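**Q** Give me the fold of what follows.
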Amino acid sequence: MTTTTLAVLVPLLPFLGAAAGLALGRTAPGFVRPLAVLPTLTALALAVVVAVHQGGDDAIDAATELTPTGSVPIELALHIDGFAALVAVLVAFVATCVQIYSTGYLREDPRYPSYAALVSLFTSAMLLVVYSGDLMVLLVGWEIMGICSYFLVGHYWETPEARAASLKAFLVTKLGDVPFLIGLFALAADAGSFRITRILGAVANGAIDHPTLIALLLLAGVAGKSAQFPLHTWLPDAMAGPTPVSALIHAATMVAAGVYFIARLLPVFEASQAAMVVLAVMAAVTMAGSALAALAQDDIKRVLAYSTIGQLGYMTGALAVADRGAAVFHLLSHGAFKALLFLAAGVIIHATGTNSLAAMSRMSHLRDRVPDAYWTMTVALLALAAIPPFSGFFSKESVLGAAEHVTAGHTEHAPAAAGWIVLVVGLLTALLTAAYAMRLWLLAFRGHGTEAPDHGRQPVTMTVVLWVLAAPSLALGGFAYQSFPGWFDGGDLGPTLVTSVLGTGLALAGGLVTYAAWRHTGARAARVPLGAVAAHPEGDAGQVEAEAIAGHAPAYGDVAQAPDPADPGRLLLGPLHRHAAVGFHVDAVYSTLFVRPVRAGASLVRFLDREVVDTYVRGAGALPRWLGVAVRRAQTGNVQTYVSALLAGTVVLVVAAVLVAAGA
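**A** Below is the predicted model:
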């Protein structure tokens, strides 16, 4: 079997698994779990084979015309370079882990068959984006991911939070997709093709007439899909979905698609210095703003959501300094430890019986109760904070090193201003990242919140996945940059001395300051006796999550938790805390600028329709009705009345004639 055939099967198998799962979900429920896991696992094996065959050498290209268009052709094309091969392995690996984990996490969920099928379809769509060599085919996968995210985020559709989050995710990403689609058509019109290789050739030959406009239009779609400022607001709210869905979206699909798209077409953006500066500013605002917001969140999943936004900012920052190798390197590293963070959070949700919006101020004694989550999440948080020798250190240092390289004027592909912006804000974000990672670890595992009853041991499928993901979180970074330099354009991704010392020093400082603030504020929280309350019955984590999102989760234990005075985030942020906790009011600004005017316009249109347009419509019907009533009342059926009316009319006519004659 050829490499091209194997590559076609990689996205096809999860798609077939999704179709079969939907078809057999009700009639043969015993096949649902195998159909969820086995196709994705097989796709992972085939993706590894494709990556080995590709070997970081010349790209694998194959194409056939999908349909004649009469103008710019649309082709079913593959373009598999080193980036595509590695990202496909990441997508299939994380998706497999999520599917295995979900068999335990949602084991009692009645909608598990549709959930598993949508996860498989989500995976297939992302793999199509990764391998596609034609932008229109890539757009198909891009849009399928959008609709899958709508259904998966809204999995607990009975709750208003899940419904609102799914709708928000769909609308905000579609808001970016409109200019994105225009940009794709403009790019294809200039290049004369949707094929990625031909577009890159046109860029090299200077055949793109409007590079700045096209790049900015494409950036709008990337900002929506990858949750970059200013279209980032949907991602924290998407935490209303099941935790495994969050792991999939944040680690390997959807939000990674925008970064990967820019990496694919980076020469298009490099053709415009203005676009590169805009990309750098977008990355800088995203990194710093999301890190500050993460430091103020109490919900563990919202902390991780803002963390994802910030780490994606690092990736777009690497692209802003024209180093797609560093961007994809951090994408791979981040995919491993962020999936681990979310899935470990799912274990905590199961253990505490709180909710998907699990308040860290209410967590207590989790280290001994969930040792698997404790140790693996510690590894993932160290990777997130970029502490050597964990994987996040090497990938984040590759981004900072690339920015330093640009500031020294060693490249013509990116302006020095972009390098300085990414470097300075990247170092500041390293400090803040370590601070909120330490805060999460302290509040989750060393906090003194409400003691929840033990819900029993987690299913083996959940805990095994944590340890599987811990391995790349620990070792992927150092192994990748030493073993696969050819897969990343042959660039040197090793850490540099200056950025390593500065980045690690700031990360350690952030962690130590946060720990000191935690000790200073005190480790005891106020408790208010509530009396005996019922404990949640033994159940699966997904059910606990659904009940808590709905606001129906019972109180646990015999105490209630007041706001934790031991939260170091309040001390570190000071007056900024209340603004950071609500995402710096970006949603409120959007509500004022866009939502309220649209609603006011809709109300005006409804008023005009009801009170103006309908008035004319009702009047047009009322006039004949009134005439009909008058005529009907005249038709009494009494002959004497008719004769009297005739005589009266005759008299009137005679009098009128006499008056006319007299006047003449």
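**Q** neighbours around residue 146, how many?
**A** Close neighbours of residue 146, defined as other CB atoms under 10 Å, add up to 19. Using the backbone N, CA and C atoms, a C-beta is placed for each residue, glycine as well.
**Q** Chain neighbours aside, what residue packs nearest to it?
**A** residue 173 (5.4 Å; CB to CB, 6 or more residues apart in numbering).
**Q** The one you found contacts residue 222, correct?
**A** No. Counting by CB atoms under 8 Å, residue 222 is not a contact partner of residue 173; they are 10.6 Å apart.
**Q** Let me see the ranges of the strands in the protein.
**A** 60-67, 74-80, 527-529, 559-561 (DSSP state E).
**Q** which of those strands has the lowest average pLDDT?
**A** Ranked by mean pLDDT, the strands of the chain bottom out at strand 559-561, with a mean of 36.
**Q** lowest confidence element among the helices and strands of the chain?
**A** Least confident helix or strand of the chain, by mean pLDDT, DSSP states H and E, is strand 559-561 with a mean of 36.
**Q** Out of the strands of the chain, which one sits most buried?
**A** Highest mean neighbour count among these (mean count of other CB atoms under 10 Å): strand 74-80, with a mean of 21.
**Q** What residues sit buried inside the longest helix along the chain?
**A** Looking across the chain with DSSP state H, the single longest helix is helix 160-191. Under the neighbour-count criterion of 16 or more other CB atoms under 10 Å, helix 160-191 has 161-162, 165-166, 168-170, 172-173, 175-177, 179-184, 186-188, 190-191 buried.
**Q** How about exporting stretch 331-348 as PDB, limited to the C-alpha atoms?
**A** Only the C-alpha atoms of stretch 331-348 are listed here, as PDB (Å, rounded to 0.1, in the frame of the first residue of the first chain):
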ATOM      1  CA  LEU A 331       2.100  23.200  19.200                       C
ATOM      2  CA  LEU A 332       3.200  19.600  19.500                       C
ATOM      3  CA  SER A 333       4.600  20.100  23.000                       C
ATOM      4  CA  HIS A 334       1.600  22.000  24.200                       C
ATOM      5  CA  GLY A 335      -0.800  19.500  22.700                       C
ATOM      6  CA  ALA A 336       0.600  16.800  25.000                       C
ATOM      7  CA  PHE A 337       0.700  18.600  28.300                       C
ATOM      8  CA  LYS A 338      -2.600  20.600  27.800                       C
ATOM      9  CA  ALA A 339      -4.500  17.300  27.000                       C
ATOM     10  CA  LEU A 340      -3.000  15.900  30.200                       C
ATOM     11  CA  LEU A 341      -4.000  19.000  32.200                       C
ATOM     12  CA  PHE A 342      -7.700  18.800  31.100                       C
ATOM     13  CA  LEU A 343      -8.000  15.100  31.500                       C
ATOM     14  CA  ALA A 344      -6.500  15.300  35.000                       C
ATOM     15  CA  ALA A 345      -9.000  18.100  35.700                       C
ATOM     16  CA  GLY A 346     -11.700  15.600  34.700                       C
ATOM     17  CA  VAL A 347     -10.400  13.200  37.400                       C
ATOM     18  CA  ILE A 348     -10.500  16.000  39.900                       C
END
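**Q** tally of neighbours for residue 227?
**A** Applying other CB under 10 Å, we find 31 residues neighbouring residue 227.
**Q** Next up, the contacts around it.
**A** For residue 227, the contact set (CB atoms under 8 Å, 6 or more residues apart in numbering) comprises 234-235, 255, 308-309, 312.
**Q** For it, which non-adjacent residue is spatially closest?
**A** Nearest one to residue 227, counting by CB to CB, 6+ apart, is residue 235 at 4.0 Å.
**Q** got a list of what the one you found touches?
**A** Counting by CB under 8 Å, 6+ apart, residue 235 makes contact with 169, 227, 250, 255, 305, 308-309.
**Q** With residue 491 as the reference, measure out to residue 410.
**A** Distance, residue 410 to residue 491, using CB to CB, to the nearest Å: 12 Å.
**Q** more crowded one of those two?
**A** Neighbours around residue 410 and residue 491, counted as other CB under 10 Å, are more numerous at residue 491. The numbers are 18 against 10.
**Q** Find the nearest non-adjacent residue to the more buried one, please.
**A** residue 325 is the one closest to residue 491 (CB to CB, 6+ apart), at 4.3 Å.
**Q** was I right about the one you found contacting residue 486?
**A** No. Contact between residue 325 and residue 486 fails when scored by CB under 8 Å: they sit 10.3 Å apart.
**Q** returning to what we had before: ok, now which ones touch the residue nearest to residue 146?
**A** Residues near residue 173 by CB under 8 Å, 6+ apart: 146, 149, 224-225, 231, 234.
**Q** And the helices in the stretch 501-650 of the chain?
**A** With DSSP state H, counting those that start in this stretch as the criterion, the stretch 501-650 of the chain has helices at 541-549, 568-573, 577-581, 586-590, 596-607, 614-634, 639-663.
**Q** coming back round to it: with pLDDT added, can I get the contacts of residue 235 in JSON lines?
**A** Output for the contacts of residue 235, formatted as JSON lines (pLDDT from 0 to 100):
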{"residue": "169", "pLDDT": "92"}
{"residue": "227", "pLDDT": "92"}
{"residue": "250", "pLDDT": "93"}
{"residue": "255", "pLDDT": "93"}
{"residue": "305", "pLDDT": "95"}
{"residue": "308", "pLDDT": "96"}
{"residue": "309", "pLDDT": "96"}
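**Q** which of these lies closest to residue 1?
**A** Distance to residue 1, by CB to CB, is smallest for residue 255 among those, at 32.7 Å.
**Q** and the residue lying closest to that closest one once chain neighbours are set aside, backbone torsions?
**A** Leaving out its chain neighbours, the residue that sits closest to residue 255 by CB to CB, 6+ apart is residue 226, at 4.9 Å. Residue 226 has phi and psi values of phi -100, psi 20 when expressed as degrees, to the nearest 10.
**Q** Tell me how many other residues crowd the residue nearest to residue 491.
**A** The tally of other residues near residue 325 (other CB under 10 Å) stands at 22.
**Q** residues in contact with it?
**A** For residue 325, the contacting residues are 398, 488-489, 491, 493, by CB under 8 Å, 6+ apart.
**Q** looking at these, which has the most residues close by?
**A** The residue in the contacts of residue 325 with the most neighbours, by other CB under 10 Å, is residue 398 (31 neighbours).
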